[in-house]
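> Fold the stuff below for me.
(chains A and B)
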Amino acid sequence: MPPAQQKSTARAPAKAEVKSGKVGKTNSAFPGEPADRLRDYYRQMQLIRRFEERTAEMYQRAKIGGYCHLNLGEEATVVGTMAAMAPHDYLFTTYREHGYAIARGIEPRRVMAELFGRTTGVSHGWGGSMHLYDVEKRLLGGYAIVGGQIPPATGAALAIAYKGPGGPDSEAVVCQLGDATTNIGAWHESLNLAAIWKLPIVFLIVNNHLGMGTTVERASGEPDLYKRGCAFRMPGVRVDGNDVVASRDAMSEALRLAREERQPSIVEATSWRLRGHSVVDPASYRTKEEVQRLHDLDALSAYRKKLLAAGVFDADQMAAIDAAVETEVNACIEFADESPHPSPDQLFAHAYATPVANAPHELPGDPLHVL
Amino acid sequence: MAVITYRQALNETLRSELLRDPNVFLMGEEIGIFEGSYKITAGLLAEFGPERVRDTPISEEGFVGAAIGAAMLGLRPVVEIMTINFSIVAMDQIVNHAAKIHTMFGGQSTVPMVIRTPGGGGQQLAATHSQNLEVWYAHVPGLKVVMPSTPADAKGLLAASIRDNDPVMFIEHLALYNTKGEVPDGDYVLEIGQAAVSKAGTDITIVSYSRMAAVALDVARRLEEDEGISAEVIDLRSLRPLDRATILQSVRKTGKAVVLEEDWLSYGVGAEIAATIQEGAFDYLDAPVRRVAAAEIPLPYAKPLELAALPDATALVKVIHETLDATRFRG
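I've put the predicted structure just below:
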């Protein structure tokens, strides 16, 4: 079991502070946490779990096209970090973002409808699994070019800073990325910009230990990813992403730094991807022992056991939540399946935001419309 | 109407847009204290301060991407990339992000940003600093690409680009910065996507843009005066969208066309123009459409080599003569 939190301070990068997690016994397992909140975290985690499992099934049934990456195994990280965000904060994510959209408060059925490519989807059928977007909920995109979301997220933080000084009510940006993304240039450039301009942003690294099939150690000169901000005097913290409350608290503190002190920082949440890189990846690079170990580590099972042991809910109450989730996910699929497909006559509806002279709108085989 | 340089037109337009809209801000390498590599932003830091005239580190991918995010939140960044050659390191942000975000997310957000950058050869800057890469961007739906050739168009198109809600590649030319011309006073905004007929004529159409449009206009005037050839010159001004109607109208009248472009021949702007003409004016053509473009080689440093590689007035005149001769125009 890794310690719940490790810190890298900005000025003393070589010596990472290590804070041991305090895991209490049964009735004090969640000091200060209201039971209904803990149950709601469970409900969200279970919702994401079942949403993703059913998504895999819908993919196999060809209801969903393209690439499809699931948050299975990362539910605690997703729910915990999203719980720390305020409604007015902005979120930029990778292409493994179904759970983030749901935890951000977007109707799950609109997420499923997007996977189905329907007009009722969050991106109106234009984006698909990798490009979920909801301007109202301030999810400013899932991005499928690895690292591509980091400079725009940094720019969103620049816009916040441009509009006024920081404070407890200030907006902030969370830029979520995967472990392997910390090796791309956009990451380093963005960290530098955030540092010199003192931008209200948190870089949330979801370290599931594998970039597709490549381990962090094989890909990263400094595999302690929370230390990667040292070159920019940017503090970082590593948190056990299987611990929903610890994930939330680490993100809360990072967001406080961003809002009040305009101090950008890194949160590295360690978690484990239960399945392959995408729906079609059988993860044959994993040994049987590793698969068993992942099963044993599963955050959702662990959280469930802990809640039962702590008396936060009993087996019947848990079953009721699970049943409600099941009903909701079924309704998501039904809604998506019954929603209309976009009409081809809408192909150029979003070509430009400002109409422009001579904008092309020929379909393949059409004569030039000026003829 | 004042007669000012292309550089002054850009500088004054940036200033008036900064004054007009508090959401407009500039960012780029050395645009503040240094006042710009080509002094386009001279005086602006002193007037508007470092928040609105923001010096950046050498991180094109980072700051172009940051401009995208700022634009998504409602600001109107005007980014300077020191030369178009450096835009290549920001290509992911321009092509995969700026060009996609409005469409790919179902029209929920806009990306009202401008990337100003000069291209062009002829300054003995050798292969990596002399490229004409406009066609790379002109190929990409979601972008708007404008290339003014005169101080007046520089003003009118820059104002239009800054007020536009889509990402605009505003491509300047190093050799145009010191050129002078009349510029309308006051608020002057052109429409993106429209070509200009910079000289009317009846015998042959010359299609061009940016610095080559100035060369074409000069050649057309000389041919008229010296040889009585009436050439019509079309300055595209905008490569995306492309004003095909103006090109076709002209060629249907003249029956002959030559494209003058500074980019490389193969897959260049002229290829698109020629295809447009054969699709839309085939029956009107009296001769094949010819292209005068750069030699397909990384541009050399030594002056005689550089001159040999770049298109110029002499090459254009030769091709105009050949095209006219092909139709027995000159008897």
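> Please make it C-alpha for all contacts and neighbour counts, starting now.
Noted.
> next structured bit after the lowest-mean-pLDDT helix or strand in chain A?
Using mean pLDDT, DSSP states H and E, the weakest-scoring helix or strand in chain A turns out to be strand A:17-19, at a mean of 37. Counting by DSSP states H and E, the next helix or strand C-terminal to strand A:17-19 is helix A:35-60.
> Buried residues of that following helix, list them for me.
By 16 or more other Cα atoms under 10 Å in any protein chain shown, the buried positions in helix A:35-60 come out as A:38-39, A:41-56, A:58-59.
> which helices and strands sit right next to it?
Of the remaining helices and strands, those touching helix A:35-60 by 3 or more Cα pairs under 8 Å, 6 or more residues apart in numbering or on different chains; DSSP states H and E are helix A:75-83, helix A:98-103, helix A:299-310, helix A:315-338.
> Which residues belonging to the third one are considered buried?
Residues of helix A:299-310 classed as buried by neighbour count (16+ other Cα under 10 Å): A:299, A:300, A:303, A:304, A:306, A:307, A:308, A:310.
> One more: the longest one?
Using 16+ other Cα under 10 Å as the test for burial, helix A:315-338 gives A:318, A:321-322, A:325-326, A:328-330, A:332-333, A:335-337.
> and the closest residue to residue A:272 other than its chain neighbours, how far is that from chain B?
Distances taken as Cα to Cα, 6 or more residues apart in numbering or on different chains place residue A:208 nearest to residue A:272, at 4.6 Å, with adjacent residues excluded. Look at residue A:208 and chain B: by Cα to the nearest Cα, to the nearest Å, they are 25 Å apart.
> Count the neighbours of residue A:208 for me.
Residue A:208 has 22 neighbours, counted by other Cα atoms under 10 Å in any protein chain shown.
> same thing with residue B:222?
Residues near residue B:222, counting by other Cα under 10 Å: 16.
> quick one: pLDDT of it?
On the pLDDT scale, residue B:222 is placed at 98.
> which phi and psi does it have?
phi -70, psi -40 (degrees, to the nearest 10).
> and the gap between it and residue B:314?
Distance, residue B:222 to residue B:314, using Cα to Cα, to the nearest Å: 12 Å.
> in the stretch 101-250 of chain B, which spans are helices?
Secondary structure of the stretch 101-250 of chain B, counting by DSSP state H, counting those that start in this stretch: helices at B:101-104, B:134-138, B:151-163, B:210-227, B:244-254.
> now do the stretch 51-200 of chain A
Under DSSP H, counting those that start in this stretch, the stretch 51-200 of chain A gives helices at A:75-83, A:98-103, A:108-115, A:150-163, A:185-197.
> The helices and strands packed on helix A:35-60: which one's closest to residue B:107?
Closest to residue B:107 of the helices and strands packed on helix A:35-60 is helix A:98-103 (Cα to Cα; 18.0 Å).
> How many neighbouring residues does residue 204 have?
All of this refers to chain A. Neighbour tally, residue A:204, other Cα under 10 Å: 26.
> You answered for a different chain; I wanted chain B.
The number of residues packed near residue B:204 is 24, by other Cα under 10 Å.
> Test my guess that it contacts residue B:252.
No. Here residue B:204 does not reach residue B:252: they are 10.1 Å apart, not a contact under Cα atoms under 8 Å.
> Output the longest strand belonging to chain B as CSV - backbone C-alpha positions only.
In chain B, with assignment by DSSP state E, the single longest strand is strand B:257-264. Extracted in CSV, the C-alpha atoms of strand B:257-264 (Å, rounded to 0.1, in the frame of the first residue of the first chain):
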residue,chain,number,x,y,z
ALA,B,257,-4.7,32.7,-66.9
VAL,B,258,-1.3,32.6,-65.2
VAL,B,259,-0.8,32.1,-61.5
LEU,B,260,2.1,33.8,-59.8
GLU,B,261,2.9,32.3,-56.4
GLU,B,262,6.0,32.3,-54.2
ASP,B,263,5.3,28.8,-52.7
TRP,B,264,6.7,25.6,-54.3
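> Beyond it, next helix or strand please.
Following strand B:257-264 in sequence order, the next helix or strand is helix B:269-281 (DSSP H and E).
> And that following helix, what does it pack against?
With contacts taken as 3+ Cα pairs under 8 Å, 6+ apart, helix B:269-281 sits against helix B:244-254, strand B:257-264, strand B:290-294.
> Would you tell me which of those gets closest to chain A?
helix B:244-254 (5.7 Å; Cα to the nearest Cα).
> Nearest residue to the residue nearest to the spatial centre of chain A in space, please, no chain neighbours.
Centroid check for chain A by Cα atoms, centre = their mean gives residue A:100 as the closest residue, at 4.3 Å. Distances taken as Cα to Cα, 6+ apart place residue A:78 nearest to residue A:100, at 5.9 Å, with adjacent residues excluded.
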